[in-house]
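S.K.: Sequence and predicted structure are below.
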Amino acid sequence: MLVIGIAGGTGSGKSTVARSIIHELGTKNVTLICQDNYYADRSELTMEERVKINYDHPHAFENKLLLKHLGELRLGREIEVPIYDFTRHARSSETLLVQGTPIIIIEGIHVLTDEDLRGALDIKVFVDTDPDVRILRRIMRDTQERGRSLQSVFDQYLTTVKPMHDAFIEPSKKYADIIIPEGGENEIGIRLLTTLTESYMDTLLAEID
């Protein structure tokens, strides 16, 4: 099993890069796990209290559960991935049943900031995109998909998103094996990554034969 970690700031194009690999190799060979689904469950708090949580800090994620699930996949077992409801700032009561494949992609802003999580990755990728582009993408996503107001997105960006990016996410770039500037717009960078994964698949199939 090959485990690829794709990190980068909010709106950098991490998901686009991950989907490009899946498009090339197919869902039978690639499983995508989003770190966002592993936000720690804070359902015991009131909505007002949950809104005030700094969701851009590394401690907002339950990475121990993510690592446990990754270990289960390596053993060929199914896992139940949490489903996070961004409109409620809490986990849903439902889960997503996921089976292991030869390639696992873990995508999220803090994939490279956690030492234990980094140690579980075979290829570490950082998607590096201009801040202006990232904030515009975040505004579009949060207002259209997550029911947020423009003012709330703006306030969150200034109070937590940018400070946490500067303090944790940007410095984690030094751990990357591959840096892809401009995310999904960088066809050459994506092709390099997919070529590496294709090479792994060819080697795996040769070993099976």
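M.R.: Arrived safely. Numbers count the residues shown, from 1 in each chain.

S.K.: Just the buried positions in whatever helix or strand T197 lives in, please.
M.R.: Here T197, judged by DSSP states H and E, is contained in helix 187-208. Residues G189, I190, L193, T194, L196, T197, E198, Y200, M201 are the ones in helix 187-208 that count as buried (16 or more other C-beta atoms under 10 Å). Just so you know, the C-beta spots here come from the backbone N, C-alpha and C atoms, and that holds for glycine as well.

S.K.: and the residue nearest to L150 when sequence neighbours are not counted, what is it in contact with?
M.R.: The spatial neighbour of L150 that comes closest, neighbours along the chain excluded (C-beta to C-beta, 6 or more residues apart in numbering), is T143 at 6.0 Å. Taking C-beta atoms under 8 Å, 6 or more residues apart in numbering, we find T143 in contact with S149, L150, V153.

S.K.: ok, back up a step: closest one of the buried residues of helix 187-208 to V127?
M.R.: G189 (8.6 Å; C-beta to C-beta).

S.K.: in what helix or strand does the residue lying closest to V153 once chain neighbours are set aside lie?
M.R.: Of all residues not flanking V153 in the chain, D142 sits nearest, at 4.8 Å (C-beta to C-beta, 6+ apart). Assessed by DSSP H and E, D142 sits inside helix 131-145.

S.K.: for this protein, which strand is longest?
M.R.: Of all the elements of type strand in the chain, the one with the most residues (DSSP state E) is strand 90-98.

S.K.: before we move on, back to that, ok, of the contacts of T143, which come out buried?
M.R.: With neighbours counted using 16+ other C-beta under 10 Å, the contacts of T143 contain these buried positions: V153.

S.K.: coming back round to it: partners of the longest strand of the chain, with directions?
M.R.: In the sheet containing strand 90-98, its partner strands are strand 79-85 (antiparallel), by DSSP bridges.

S.K.: Which positions in the strand it pairs with come out as buried?
M.R.: Neighbour-count burial for strand 79-85, counted by 16+ other C-beta under 10 Å, picks out I79, V81, P82, Y84.

S.K.: nearest to I22, of those?
M.R.: Closest approach to I22 among those (C-beta to C-beta): V81, at 15.9 Å.

S.K.: Now do the contacts for K124.
M.R.: Residues near K124 by C-beta under 8 Å, 6+ apart: G5, A7, V111, L112, R118, Y175, A176, D177, I178.

S.K.: show me the contacts for Y39.
M.R.: Going by C-beta under 8 Å, 6+ apart, Y39 touches Y55, A60, F61, E62, Y84, R91.
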